[in-house]
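Q: Fold the following, please.
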Amino acid sequence: MICRLCKKDCSEFKTIELKKSEIYVCLKCVIEIGSALIRQAYEKYEKNSFEFNDIMQLDAHSMAVIIRCVGIKELAIALKNGSQEIIEHFKNHMSSNVAQILLDEISYLGRLRVKDVECIKSKIVETIIELEKRGEIIIRSDCRM
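A: Take a look at the predicted model:
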């Protein structure tokens with residue numbers, strides 16, 4: 001039989017149904033197609049994966065836009081149990097008054113459920129991705145790990 005993709009006479013075939021007909025494809029082509037699809041899916045995932053801690057890699061302009069778009073209460077919740085490093089990163093991109101308000105909000109917060117903190121972090125990440133789609137900020141490719 002002749003493979004419909006590589007046009008070679010191969011010994012092992014896989015029947016693939018397409019709409020109302022069937023085509024015969026050799027196993028080598030099936031594996032190559034599968035590998036290509038997996039690579040494409042991974043590249044798409046890698047392109048769209050941005051996590052809360054990746055905020056540390058954003059530039060000053062992007063940070064300013066994010067701080068304007070995300071409320072102080074939401075930031076306080078997201079940063080409640082965060083590292084001192086990420087809290088400082090946000091503070092460094094705020095006026096001293098706003099930074100003090102943020103610290104006050106963090107200190108006023110009681111115990112929080114991890115689920116609630118993760119939900120707020122996810123919303124902030126969604127906001128960041130939306131801001132990038134609208135062209136208001138730029139997420140460098142090395143932030144997407």
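
Q: low-scoring stretches of the chain, by residue?
A: Applying pLDDT under 70 to the chain flags the ranges 1, 4-5, 12-24, 41-48, 140-145.

Q: again, only this time at 90
A: Low-confidence segments of the chain, defined by pLDDT under 90: 1-51, 53, 81-82, 110, 126, 129-130, 132-133, 138-145.

Q: in it, which spans are helices?
A: Secondary structure of the chain by DSSP state H: the helices cover 27-48, 60-69, 72-79, 84-91, 96-108, 114-133.

Q: Would you mind giving those helices as JSON lines with distance to residue 3 added?
A: C-beta coordinates here come from the backbone N, C-alpha and C atoms, glycine included. Output for these, formatted as JSON lines (distance: least, C-beta to C-beta, whole Å):
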{"stretch": "helix 27-48", "distance to residue 3": "6"}
{"stretch": "helix 60-69", "distance to residue 3": "49"}
{"stretch": "helix 72-79", "distance to residue 3": "53"}
{"stretch": "helix 84-91", "distance to residue 3": "54"}
{"stretch": "helix 96-108", "distance to residue 3": "62"}
{"stretch": "helix 114-133", "distance to residue 3": "41"}
